[in-house]
Each structure stands twice: as structure tokens, then as C-alpha cells.
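> fold the stuff below for me.
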Amino acid sequence: MPFYRKPRNFTPLLIAAEKKAIKNGVHHYIFTSRFDRYVGDWKNDLKEGKGLFLTVTGKLYEGDWYKGFRHGFGNLSNRLENGTFSLEYRGEWVRGKPDGVGWRYYENGNVYFGHWKRGRRHGYGKMWYANGTMYVGYWKMNLREGLGMFVQANGNRYEGHWENNIKSGLGRFYHMHTGQLQEGCWIDDICIKSKMSDILIRQFCDIPTEYPIPPENLQDSKSLLEESEFWLQQKIGDIDKQLKHCIDQMI
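Alright, predicted model coming up:
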């Protein structure tokens, strides 16, 4: 007479069903609980590989995934009222945040291209502002820090050291309208000691000075400057030698 004996070790039906439900490979239209939509590769129930993720709020990410995070290279866009998409970020990602080199397009019209770290501008980069100004130089967690050049809308520009997003340390300011160069020390965005001289194109500027600045008559001015404690304490800034590419080629 046949009989059935329940095995000692067995897999419950619930666990077996969960294992079969784990997503691997390419899947089409996987929806979340709030109806976000994902199309792409999976590995062990996590997004990994190439994929497209569209949220109900209109955020669209297309690119690389790793263990459920945006990781690698990808584009982030926003859906407009007419159904088209406006690019927000294009570049490298690390665990869901911009990290590496990438473009960022802001809603106010500003555009940034350069290095990122944990979702913030960090390292060398260029920033074009909607008001016509521009900054090229180094950043530290979204703030201008180190060597950099800021060009105003009227053409005047500052080249020198920055600290905490303001001019601080040694620098040069080119007065392009009057044709003069101001070299000196900045503290808290204000030049407190400087030397004025004419630039070569002074006569071709918009409103050049009537007479050129006479040469200095102070004896041993260079040695006096080198011995000045105030001058020696000013910061200059260093160029990051770890950059893989020449900063002039980052266009």
C-alpha cells in the first residue's frame, strides 16, 4: 500500500515563489508602487546595466545602473508641458549622484561643465551665468575655491585666488574699459593693497585714461614687497596635478 512521508527538508511555496519572482535580465515596463516606470536590465532584483527610469513627476534618467543606483554614464531630463524633455544633467554618476565630469543645465539659465563630487561642483570647472558673467577655475563643494578667473558682463575680469566663493588672496583685476591692470591683495572680496599699471591695449579701450600711469620711482620695491609679512601671508592657489586632461581641452 503506497504511503506518503513528508520530507524533513523542503522549500515552502512562499519562498519558492519569491525566488521565481526575482528579476534578472531585461524587463519591459516594471512599475513601482507610485507608478514610476523602469525599462532595462536587472540583476538579483536590482537595476543593473542599461535602463530608463521615468517618475510620475516627469524626471527621466537614461543610462547606466549598478545595484539599484544611477552609476556610470547617464542623462537626467525633465518633462515639459508640451511633452518634450529638457536636459538637466549629462555626465558621470556614482551611487545615484553626479560624480566625475559632467554638464549641468540650471532652470535659471546657468550652465556648468566640469568636475563633480557627491552631487556638488568640486575640482576644475567652467560656469556660464545667465547674466552674461563667467567663471573658470577651481571649486570646492559648490563654492569657488583656489585659482580662478571671473569675467564680468562688461568685459572686466579678475584672475587670482578665491576662498569661500569670494576673492581672497593674490590676484589681478583687468579694467578693460579704462585699460588698466590692478595687481594686489584681496580680503573678503575687497582689494586692500594694489599696484596700478597700464595694459598694452589701453588706447583701444572704450574710455581709456587721458594720460598713461608713470612708472614707479620707489627704490628696491621688489625687495620691500618680498620682505612684507602681509604679502607673504597671501594665498596663491595650486593647480590640481591629478587632472587626467589639460584644463584647456575641457570644452
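> average pLDDT across the helix or strand Trp42 falls within?
Assigned by DSSP states H and E, Trp42 belongs to strand 37-43. In this model, strand 37-43 carries a mean pLDDT of 90.
> that strand pairs with which strands?
Strand pairing for strand 37-43, using DSSP bridges, gives strand 25-31 (antiparallel), strand 46-54 (antiparallel).
> could you tell me the least trusted of these?
strand 25-31 (a mean of 62).
> do a quick rundown of the helices in this structure.
According to DSSP state H, the chain carries its helices in the segments 13-21, 221-226, 229-232.
> pLDDT below threshold where in the stretch 151-251 of the chain?
Along the stretch 151-251 of the chain, the model assigns pLDDT under 70 to residues 201-251.
> buried residues of the strand holding Trp42, list them for me.
Buried residues in strand 37-43, defined by neighbour count with 16 or more other CB atoms under 10 Å: Tyr38, Gly40, Asp41, Trp42, Lys43. For glycine as for every other residue, the C-beta is placed from the backbone atoms N, C-alpha and C.
> from those, which two are the most distant?
Tyr38 and Lys43 (13.3 Å; CB to CB).
> for stretch 80-87, measure first residue to last.
10 Å (CA to CA, to the nearest Å).
> list the buried ones in that stretch?
Buried, per 16+ other CB under 10 Å, within stretch 80-87: Phe85.
> check stretch 173-183 too.
For stretch 173-183, by 16+ other CB under 10 Å, it's Phe173, Tyr174, His175, Met176, Thr178, Gly179, Gln180, Leu181, Gln182, Glu183.
> any chance of those residues in CSV, plus distance to Leu200?
Converted to CSV, the buried residues of stretch 173-183 look like this (distance: CB to CB, whole Å):
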residue, distance to Leu200
Phe173, 16
Tyr174, 11
His175, 14
Met176, 12
Thr178, 14
Gly179, 9
Gln180, 12
Leu181, 10
Gln182, 15
Glu183, 15
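> which residues of the stretch 1-150 of the chain fall in strands?
Taking DSSP state E, counting those that start in this stretch to define them, one finds strands in the stretch 1-150 of the chain at 25-31, 37-43, 46-54, 59-66, 69-79, 85-94, 97-105, 111-117, 120-128, 134-140, 143-151.
> can you lay out the ones you listed as JSON lines showing distance to Ile166?
Converted to JSON lines, the strands of the stretch 1-150 of the chain look like this (distance: least, CB to CB, whole Å):
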{"stretch": "strand 25-31", "distance to Ile166": "48"}
{"stretch": "strand 37-43", "distance to Ile166": "44"}
{"stretch": "strand 46-54", "distance to Ile166": "39"}
{"stretch": "strand 59-66", "distance to Ile166": "34"}
{"stretch": "strand 69-79", "distance to Ile166": "30"}
{"stretch": "strand 85-94", "distance to Ile166": "27"}
{"stretch": "strand 97-105", "distance to Ile166": "22"}
{"stretch": "strand 111-117", "distance to Ile166": "19"}
{"stretch": "strand 120-128", "distance to Ile166": "15"}
{"stretch": "strand 134-140", "distance to Ile166": "12"}
{"stretch": "strand 143-151", "distance to Ile166": "8"}
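> among these, show the one with the smallest mean pLDDT.
Ranked by mean pLDDT, the strands of the stretch 1-150 of the chain bottom out at strand 25-31, which scores a mean of 62.
> hmm, Arg118 is touching Gly100, no?
No: Arg118 lies out of contact with Gly100 (CB atoms under 8 Å); the separation is 10.9 Å.
> residues shared between the contacts of the two?
Val94 (CB atoms under 8 Å, 6 or more residues apart in numbering).
> would you mark the buried spots in stretch 52-71?
Those would be Phe53, Leu54, Leu60, Tyr61, Glu62, Gly63, Asp64, Trp65, Tyr66, Phe69, Arg70, His71, for stretch 52-71 by 16+ other CB under 10 Å.
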